[in-house]
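[1] What follows is a predicted protein model with its sequence.
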Amino acid sequence: MKRFSQPLGLSLLLWLVLLIPSHAAPTVNPKILHVLNRLSLGPKPGDVERVQQMGVEQYIQQQLEPQLHSPSPPSLNAQLQSLETLSMSPVELAQDFGRPKQKTGNKLSPDDRKVYREKLRQIAEEAVRARLLRATASPRQLEEVMVDFWFNHFNVFANKGQDRLWIGSYEQQAIRPHVFGRFRDLLGATAHHPAMLFYLDNWQNTAPNSLGARGRFKGLNENYARELMELHTLGVNGGYTQKDVVTLAKILTGWTIQRPNAKNPSPQGFRFDAKRHDSSPKVFLGKTIQSKGEAEGEEALNILAASPATARHISYQLAQYFVADKPPESLVNRLTQNYLSTGGNIKNLLKTLFSSSEFQDPKFYQAKFKTPYQYVLSAVRATGVEVRNVRPIYTTLQQLGMPLYGCQSPDGYKNTKDAWLNPDAMTRRLSFATALASGRIPLNAAPSNSLGREKSPQGPSQGSPIAASLNPIQLTQTLGNGFSLKTQQAIANNPPQLQSALLLGSPEFMHR
Amino acid sequence: MDGLSIVAPYRDAAYYEGRPKIAIPQPGQGQSLLDLDGRFGLHPALADLLPLWQQRNLAFVHACGSSDATRSHFDAQDYMESGTPGIKKTPDGWMNRLMAVLSGHNPIQALNVGQTTPRILEGRMAVATIASGRKVAGTLPLDRPKVSAAFDRLYSNNDALSQTYREGQAARQALREDLKDPDLEQKMANNGAASPYGFAKDAQRVAQVMARDSRVQLAFMALGGWDTHVNQGSASGQLARNLQQLGSGIIALQKGLGPVYANTTILVMSEFGRTVRENGNGGTDHGHGNVMWVLGGGVRGGKVYGEWPGLTTAQLYQERDLAVTTDFRDVVANVLGDRLGLDGAQLGRVFPHFQPNQRLLLSA
């Protein structure tokens, strides 16, 4: 047996080289690809070489300290600064972009309605544009990955009523500043933001028979209290009871949204309405909460953020997102301990995660099936195209069942293979890969000013390409040449453009 | 969806007292209800469905709904699709579990219209998808023989991805053939089923595939726009326009199915009904009990089923909503038992933790 092994290996190698000379570039250390796959939305041309040069440890360090190492490129900054609504506060948005005062009855005049719709369209478009431009072009890739992670964790749905106004502000002001910060700060920022107050109905949550209980504010609303424990903090088996749900709802009575026409409104749009608050004494998760108005809610958030159940829930979710659909228990335990000893310091948690033996274990390389968001953005990044027009990305995400800001339910999009691998998804991913590789998707065209209907980027493929088709040799190099023999064989002997499509549609590229 | 406007209890004084602006006038008064049984009247926007009622293959189940009292759209919708009211963590939808129970698994056993797999069809069984809108039969880059041949080679193994790829290709191929008959589309248009509405067009396509290809056993379509908090309207207006659209879709299905209609059952369901009393904005808020529609060749129709709980304040659920006297799962289970021949154990797999507790005799 031993005598045969060497000649077989040799002949295999020779055969490969003969068949596909274009893919014979040296294979990159798989650890580099692993780190790029998990800490970024996929390598852009040059990323692999950069990490090779600086080393994996240095890359991780830089990604965890983006403000020190990774300034945004001026072209991205300029594009972001042109987005008017991105920096507006929730109250400004309600004042300048909200539903205009009705003159007669409930109906807006056709003109008013048109203006109002146009404004909402602008907000939605700018939020989408900001997110997708950053995802494709920002060198602070781990920050973008964490925005994806935390936005789903604290999901709000862009098309529920008033949340149309606040979707961009929510990400910009409640999520982004805290993605590497303390979990308690992130929790507090989402709890106070009008987008969350509206989405999970807490703005109407009112103590029955309180002074302010009238009109639409008549009684308790448990919606937010329940999700706050089940999804945001303790987790569904986190040891709370239905009684705790009701108590937490009572604690949060009066946490509401500032009226835009109020005198001296706080710009962040949060208001505590003492008249609607339940000031009875309460016992929450076994702890006595003294009657003290708004501060009761802060105390409850403190209790929740400090709970070992929360530490475990967050640790599990991070391990699942970054390591495997069923993450190793040893890792979840270590992260839980880290969370508890640092008081929920997210940056520290991530450091521990990335340096863990579990994260670095080669058996988890490419173990995660990309979500549509990760798949589409990694493909766009791999092309190296400077994106000016985000619309085709937005539409493709819709077609793949993961519309940006379009997850209706509070649990956000999942990131497991079970959730995303289905027959139609394969058909659509491969069609997208083929269209992208052929250069027919107008990503570099002048930005279009509407997210509405448009010709599908996966539509009929006749018509001339708007950019050069993707060079498979370059693409292979960008992706570190980490393709299996099987994939390389299937790709060989196809025309170049189809080779690129096959690379982007390969099993390796479906995973991260 | 406001079931009290669709099958309106026009003999109940409380119906008119609670809804001064939006109640539909009693039958025979101009734009008014179409009498069904001397007690309930059909919304005039659904006049096209009246012949089906008269032929006794349209039935309604009133005061029907979920055993869970939530007034959250998301939760109520989730429960209706998972088939497990009150249990959020159910991983799959009842229609997907139904696929597993039925025999004859194939790539187009169940059809979904739209972009995302709805909750009701989520699960381990493969579901075929038809995109909504005009481009449905449009070509994808993957349809080009050279491209698909190359991907066929790439995904020729037995791993999960390769298998899923092949299921997708098989479904697409079957659907493209079923959808690829311009003559048929024309014939159906001449049948009187054509309609300007997108929903009816989609329904027509679903019917076309189902009529031509007996491999399709189940189909699901969603239609939104029923959250009428403001300016709901009465015999005409917002709700009436939506009902018109829904009704024309159902007629498109019925006509398009042709002879297959006799073997098909169509269910129309919505996550909850709306408040009995109209609100201050000429609309209705989230409520509880609703009406469920059952159509098809084998339906024992021409009848409003379900125990009517009444509309006086004391009879209402939490003094505001139509009470639920029939669990929606009883209606579905009845159809699955009678029309698809499911036994008790199989029904238990489709609706776990549920004991069907009513015998409705919906089917002939």
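    Nice, thanks for sending it over.
[2] chain center to the strand or helix carrying A:Lys486: distance?
    Per DSSP states H and E, A:Lys486 falls inside helix A:485-491. Its chain's C-alpha centre and that of helix A:485-491 lie 32 Å apart, by CA atoms, centre = their mean, to the nearest Å.
[3] Just the helices from chain B, written as ranges.
    Remark: helices assigned in chain B by DSSP state H are B:3-6, B:13-18, B:50-54, B:73-82, B:94-101, B:145-154, B:160-179, B:182-188, B:198-212, B:238-257, B:328-340, B:344-350.
[4] Please read the previous query as pertaining to the stretch 251-400 of chain A.
    Applying DSSP state H, counting those that start in this stretch to the stretch 251-400 of chain A gives helices spanning A:294-306, A:308-322, A:329-342, A:346-354, A:357-360, A:372-383, A:391-399.
[5] go on, the stretch 51-200 of chain A?
    In the stretch 51-200 of chain A, helices defined by DSSP H, counting those that start in this stretch lie at A:56-64, A:66-69, A:74-81, A:90-97, A:110-137, A:141-153, A:163-169, A:183-192, A:194-199, listed in chain order.
[6] ok, back up a step: determine which of the helices of chain B shows the lowest mean per-residue pLDDT.
    Lowest mean pLDDT of these: helix B:182-188, a mean of 51.
[7] residues contacting A:Leu349?
    By CB atoms under 8 Å, 6 or more residues apart in numbering or on different chains, A:Leu349 lies in contact with A:314-315, A:318, A:335, A:338-339, A:342. Any C-beta I mention is one placed from the backbone N, CA and C, and that applies to glycine too.
[8] Between those, which sits nearest chain B?
    A:Ile314 (18.7 Å; CB to the nearest CB).
[9] Of the helices of chain B, which stretch is the most buried?
    helix B:3-6 (a mean of 26; mean count of other CB atoms under 10 Å in any protein chain shown).
[10] Show residues contacting that helix.
    Contacts for helix B:3-6 (CB under 8 Å, 6+ apart): B:15, B:19, B:22, B:24, B:42-43, B:46, B:62, B:232, B:234, B:239, B:243, B:270, B:273-274, B:276, B:289-291, B:322.
[11] Kindly recompute the last result at 7 Å.
    If you take CB atoms under 7 Å, 6 or more residues apart in numbering or on different chains as the criterion, helix B:3-6 is touched by B:15, B:24, B:43, B:239, B:243, B:273, B:276, B:290-291, B:322.
[12] Same check on stretch A:93-113?
    Stretch A:93-113 has contacts (CB under 7 Å, 6+ apart) with A:85, A:116, A:119, A:123, A:165-166, A:169, A:260, A:269, B:230-231, B:281.
[13] most surrounded residue in the residues you listed?
    Neighbour tally across the contacts of stretch A:93-113 (other CB atoms under 10 Å in any protein chain shown): the maximum, 31 neighbours, falls on A:Trp166.
[14] Could you find the closest non-adjacent residue to that residue?
    Of all residues not flanking A:Trp166 in the chain, A:Ala195 sits nearest, at 3.9 Å (CB to CB, 6 or more residues apart in numbering or on different chains).
[15] Count the neighbours of the one you found for me.
    Residues within reach of A:Ala195, counting by other CB under 10 Å, total 29.
[16] Let me see the contact set for it.
    A:Ala195 is in contact with A:156, A:163, A:166-167, A:169-170, counting by CB under 7 Å, 6+ apart.
[17] Tabulate those (CSV), appending pLDDT.
    Output for the contacts of A:Ala195, formatted as CSV (pLDDT from 0 to 100):
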residue, pLDDT
A:Val156, 96
A:Asp163, 93
A:Trp166, 97
A:Ile167, 97
A:Ser169, 97
A:Tyr170, 98
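[18] any idea which of these is closest to B:Trp94?
    Of all these, A:Val156 has the smallest distance to B:Trp94: 27.9 Å, by CB to CB.
[19] Identify the residues contacting the closest residue to the closest one other than its chain neighbours.
    Leaving aside its sequence neighbours, A:Val156 sits nearest to A:Tyr199 (CB to CB, 6+ apart; 4.2 Å). By CB under 7 Å, 6+ apart, the contact list for A:Tyr199 reads A:156-157, A:160, A:163.
[20] how close does the residue lying closest to B:Asp338 once chain neighbours are set aside sit to B:Ile266?
    Spatial nearest neighbour of B:Asp338, excluding adjacent residues (CB to CB, 6+ apart): B:Ser363 at 3.8 Å. Between B:Ser363 and B:Ile266 the computed distance is 13 Å (CB to CB, to the nearest Å).
[21] Also A:Gly286?
    Using CB to CB, A:Gly286 is found at 52 Å from B:Ile266.
[22] ok, back up a step: I'd like the helices of the stretch 251-400 of chain A laid out as JSON lines, including mean pLDDT and distance to B:Val7.
    Shown next, in JSON lines, are the helices of the stretch 251-400 of chain A (pLDDT from 0 to 100; distance: least, CB to CB, whole Å):
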{"stretch": "helix A:294-306", "mean pLDDT": "98", "distance to B:Val7": "45"}
{"stretch": "helix A:308-322", "mean pLDDT": "98", "distance to B:Val7": "46"}
{"stretch": "helix A:329-342", "mean pLDDT": "98", "distance to B:Val7": "53"}
{"stretch": "helix A:346-354", "mean pLDDT": "98", "distance to B:Val7": "54"}
{"stretch": "helix A:357-360", "mean pLDDT": "98", "distance to B:Val7": "59"}
{"stretch": "helix A:372-383", "mean pLDDT": "98", "distance to B:Val7": "41"}
{"stretch": "helix A:391-399", "mean pLDDT": "92", "distance to B:Val7": "35"}
